[in-house]
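Chemist: Sequence and predicted structure below; questions after.
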Amino acid sequence: MPQVKKAITVPELRARKGKTPIVCLTAYTTPMAKWLDNHVDLLLVGDSVGMVLYGMESTLGVTVDMMIAHTQAVMRGAERACVITDLPFGSYQESPEVAYRTSARVLQETGAAGVKLEGGEEMAETVSFLTQRGIPVLGHVGMMPQSVNTYGGFGARGKTKAEAEKILADGKAIAEAGAFAVVIEGTLEPVARALTDALAVPTIGIGASAACDGQILVAEDVLGLFSDFVPKFVRRYAELGSEIEKVVARYAADVRKRRFPGPEHCFGVKKRKR
Ligand code: KIV
């Protein structure tokens, strides 16, 4: 009988605080989820999908329907990892009730284990509303891409005393409101370290240093499949984009020189006898 794999749960991830590091990557499609599933604890269907797969300049154009379609695709490929999906811009900020409707729809239509939302003190009431009603929430503080227009860019946060204090207050507020873990993005090391030390739940860093309880990166960044820009915090473990170009160049040359298809790829062509 094939072994039935049990998915990692939200309480299991929460209990990893201060123990073994939590390994996370983004995934947007079924094949990517299948490749990553055995090796990561959490797969995030991030709204970065808008920039990475759709060529958008920010995440602001991503819709709930897009997130649902990509989360359904990831769920088809993931068996072991805990799948969390991003609430896109405009789908939750208005009120706790709106956030609940969106989250309930996303979880009902996808089967994901929880949602991620950006925001700190101002979102604490919403995080509390959701978590008290059965919706696990992964928080996201520091550099929040959905606020790119407020910041004027995607640069690191926590550089001034005021910014550092705000990030600490944000992380504490959403953890106290019930978030099971908090993503800290693009934040100076001392701030990420202080927040990690202060919280009873795990922090998951992206450009926030090794002080965090776990790490997340965009899979396409790790694999060298996204080249529009390479953030300082990314380690590229492969250059698959260049590999794809080389392979496609070989295919194109074979078609142009009529080396492909060969007889073995054709119907009704007998193999030549030697
Ligand atoms: O959208 C995303 O992919 C994210 C992570 C990289 C944290 O928010």
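Modeler: Good, I have the coordinates.
Chemist: which residues of this structure fall in strands?
Modeler: In the chain, the segments counted as strands under DSSP state E are 22-26, 42-45, 82-86, 114-116, 137-142, 181-185, 203-206, 214-217.
Chemist: Look up the pLDDT of residue 272 for me, please.
Modeler: pLDDT recorded at residue 272 is 67.
Chemist: does the ligand sit close to the helix or strand bottoming out on mean pLDDT in the chain?
Modeler: The weakest-scoring helix or strand in the chain, judged by mean pLDDT, DSSP states H and E, is helix 148-151 (a mean of 94). No - figure legend: helix 148-151 not in contact with the ligand (C-beta under 6 Å from any ligand atom); closest approach 12.1 Å. Any C-beta I mention is one placed from the backbone N, CA and C, and that applies to glycine too.
Chemist: Same question for stretch 106-117.
Modeler: No - Stretch 106-117 stays clear of the ligand (C-beta under 6 Å from any ligand atom), getting no nearer than 6.6 Å.
Chemist: Report the backbone C-alpha coordinates of the least confident helix or strand of the chain in CSV.
Modeler: C-alpha atoms of helix 148-151 as CSV (Å, rounded to 0.1, in the frame of the first residue of the first chain):
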residue,chain,number,x,y,z
VAL,A,148,5.1,49.7,-1.6
ASN,A,149,3.4,52.9,-2.5
THR,A,150,3.5,54.2,1.1
TYR,A,151,7.2,53.4,1.4
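Chemist: how far does stretch 207-227 stretch from start to finish?
Modeler: Using C-alpha to C-alpha, to the nearest Å, the end-to-end distance of stretch 207-227 comes out at 18 Å.
Chemist: so, in contact with the ligand or not, it?
Modeler: Yes - Stretch 207-227 is in contact with the ligand by C-beta under 6 Å from any ligand atom, via 216, 218.
Chemist: Enumerate the positions of that stretch that are buried.
Modeler: Counting neighbours by 16 or more other C-beta atoms under 10 Å, one finds that the buried residues in stretch 207-227 are 207-209, 211-226.
Chemist: just the residues of the stretch 1-150 of the chain that are near the ligand, which are they?
Modeler: Within the stretch 1-150 of the chain, the positions lying close to the ligand (C-beta under 6 Å from any ligand atom) are 26, 44, 46, 47, 48, 86.
Chemist: Residue 46 versus residue 59, what's the distance?
Modeler: 8 Å (C-beta to C-beta, to the nearest Å).
Chemist: and if you look at residue 18?
Modeler: To residue 46, residue 18 is 25 Å away according to C-beta to C-beta.
Chemist: Hmm, residue 36 is touching residue 27, no?
Modeler: Yes - with contact defined as C-beta atoms under 8 Å, residue 36 reaches residue 27; the gap is 5.7 Å.
Chemist: give the contact list for residue 10.
Modeler: Residues near residue 10 by C-beta atoms under 8 Å, 6 or more residues apart in numbering: 82, 113, 114, 136, 180.
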